[in-house]
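# Here is my input; please provide its structure:
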Amino acid sequence: MPPGMFQQLKALFAGGRSKEEEERERAHEERVRKLEDSLKGEAEENRKLKEEVAQLRAARKKALDDSTTLSQSLKRAQEERAATQQSLRRVEDEKGKALSQNQRLTAELDGVRRQLESRDIELKNLRNELQHAQTKHDELTTLLEARTRELKGAQIYLTKADTLSGAEVISLVDALNVEILQTSAFISDSFDFARQPAHADEIKEASARISELMGPTLTHLLSTVLHGEDPLL
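Numbering: from 1, shown residues only. Predicted coordinates:
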């Protein structure tokens, strides 16, 4: 009922009514007022309910959006987890390969070390051989220089013309042999084979000098054979 309409009806029917009718009318007005208040309250509640429904719908939409976001985040997390697991498996595979390669390289390094040790030993032996060869070379060089000097000294005589004929040389050699024979016989007759301890040092010195002059073989014969019985010796 529109506001004020009840008052207009009351003004129309005011004349000729009894007290009882007026009380009923007042009671009816009170009921109408309460009904209007109740309607106003319900309208307010309906408005609040609409607001709450709107809020619930917004919350539901937000919850759906959040759920969608969470689902997407969960999906991304699952994908990232799968990618991480795949990366982890790849890392484990690479780790295994690296470990195998490390073991192979370690074995190769040990082999190279053994080869280096063997090469060091060979190098040391070669250095010793080189040093020995160098020493031998130095000795040969020294000997060559000595022989060169001797050859240069001999060239002085080689370049001169012979002053003796071949027959004269043979005659001189025969005379030298006769002289050697006579000297040997004299030494044989003069040599005392009695070994006396008092003359041991003198005999040793004499043997050394004779060895330098005539050689060790003749010295040995002179000291061991009785020359008095065989003058040819």
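
# Low-confidence ranges, this structure, go.
1-17, 155-162, 164, 187-200, 214, 221-233 (pLDDT under 70).

# Show me the strands in it, by range?
Using DSSP state E, the chain contains no strands.

# middle-most residue in it, spatially?
Most central in the chain under CA atoms, centre = their mean is Leu109, positioned 6.7 Å from the mean C-alpha point.

# how much space between that one and Arg119?
When distance is defined by CB to CB, to the nearest Å, Leu109 is 15 Å away from Arg119. (C-beta placed from N, C-alpha, C; glycine too.)

# Glu52 too?
As judged by CB to CB, Glu52 and Arg119 stand 94 Å apart.

# swap in Leu70?
69 Å.

# got it, and Ala43?
108 Å.

# what's the single longest helix in this protein?
helix 19-158 (DSSP state H).

# to the chain's geometric centre, what's the distance from that helix?
Distance, stretch centre to chain centre, for helix 19-158: 26 Å (CA atoms, centre = their mean, to the nearest Å).

# and it, what does it pack onto?
Packing partners of helix 19-158 (3 or more CB pairs under 8 Å, 6 or more residues apart in numbering; DSSP states H and E): helix 5-12.

# and with 6 Å instead?
Counting contacts by 3 or more CB pairs under 6 Å, 6 or more residues apart in numbering; DSSP states H and E, helix 19-158 is packed against no other helix or strand.

# ok, Asp65 to Ile121 distance?
81 Å.

# same question, Gln85
Separation of Gln85 from Ile121 (CB to CB): 54 Å.

# Also Arg81?
When distance is defined by CB to CB, Arg81 is 59 Å away from Ile121.

# One more: Ala185?
65 Å.

# which of the two has more neighbours?
Ala185 (14 against 10; other CB atoms under 10 Å).

# who touches Gln115 in this structure?
Gln115 sits next to no residue when contact means CB atoms under 6 Å, 6 or more residues apart in numbering.

# Begin at 660, not 1, for the rest of this chat.
Let's use 660 as the start, then, which means that last one is Gln774.

# Could you export stretch 838-848 as PDB, CA atoms only?
Provided in PDB are the C-alpha atoms of stretch 838-848 (Å, rounded to 0.1, in the frame of the first residue of the first chain):
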ATOM      1  CA  GLU A 838     175.500 -58.400 -31.500                       C
ATOM      2  CA  ILE A 839     172.100 -59.300 -29.800                       C
ATOM      3  CA  LEU A 840     173.200 -63.000 -29.800                       C
ATOM      4  CA  GLN A 841     176.600 -62.200 -28.200                       C
ATOM      5  CA  THR A 842     174.900 -59.900 -25.700                       C
ATOM      6  CA  SER A 843     172.400 -62.600 -24.800                       C
ATOM      7  CA  ALA A 844     175.200 -65.200 -24.400                       C
ATOM      8  CA  PHE A 845     177.100 -62.800 -22.100                       C
ATOM      9  CA  ILE A 846     174.000 -62.100 -20.100                       C
ATOM     10  CA  SER A 847     173.300 -65.900 -19.900                       C
ATOM     11  CA  ASP A 848     176.800 -66.600 -18.600                       C
END
